[in-house]
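Chemist: here you go, sequence then predicted model.
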Amino acid sequence: MVEQFPEGSDQRRSFRYPVALQALVINEQQDQSPALVTNISRDGLRLEGDRLLVEQVFPNYRQHRGLRQQQLELHMALNEGQALSTDNAIRLVCTSVYVLRLTKKRYQIGVCFRHIDEDYRSKLEQLIAQLEAVHTLEEIRQSRHPSSENS
């Protein structure tokens, strides 16, 4: 089950699966920016983007002051390598948890899920179930064929 958390709660309860999903982030003022979802869990996800992402979505953000939690609307593609469209995307309402500057021009934003419409929730749960199955298979394979480092 995909979880939605009230503000201020612990957002790191479940495993984060690496992904590369196209997204569009929209703030409360309807400013938009493209982003890439780089990991996802049952609790939230991590976005990455260029400086425009932070400037558009968090117009008053200053790294030395930190981040005021902000509600965001996120449209996310469900398949890696696929452009974002209304046919292959889900809509999520999230709350920002952190902003991290990776390089001079690259940023990372962590968000937790706040609201997901029921039909989108089932699509998101299917995606996460697929990721869990793949992850479990990889763990089984690794346990059957341990790397030479463990010998």
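Modeler: Looks like it came in fine.

Chemist: any stretches of this protein with poor pLDDT?
Modeler: Residues of the chain meeting the criterion pLDDT under 70: 1-13, 60-68, 137, 139-151.

Chemist: so which residues of the protein form helices?
Modeler: With DSSP state H as the criterion, the chain has helices at 51-57, 118-144.

Chemist: Val25: what's it in contact with?
Modeler: Residues in contact with Val25 (CB atoms under 8 Å, 6 or more residues apart in numbering) are 32-35, 47, 49, 53, 56-57, 72-74, 109. Placement of C-beta: from N, CA and C, glycine included.

Chemist: alpha carbons only: can I get stretch 37-47 in PDB?
Modeler: In PDB, the C-alpha atoms belonging to stretch 37-47 read as follows (Å, rounded to 0.1, in the frame of the first residue of the first chain):
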ATOM      1  CA  VAL A  37      12.400  10.900 -10.700                       C
ATOM      2  CA  THR A  38      15.500   9.000  -9.700                       C
ATOM      3  CA  ASN A  39      14.100   6.800  -6.900                       C
ATOM      4  CA  ILE A  40      10.700   5.900  -5.500                       C
ATOM      5  CA  SER A  41       9.300   4.200  -2.500                       C
ATOM      6  CA  ARG A  42       5.900   3.600  -0.900                       C
ATOM      7  CA  ASP A  43       6.400   6.900   1.000                       C
ATOM      8  CA  GLY A  44       7.800   9.300  -1.500                       C
ATOM      9  CA  LEU A  45      10.400   9.900  -4.200                       C
ATOM     10  CA  ARG A  46      13.500  11.800  -5.200                       C
ATOM     11  CA  LEU A  47      13.600  14.300  -8.000                       C
END
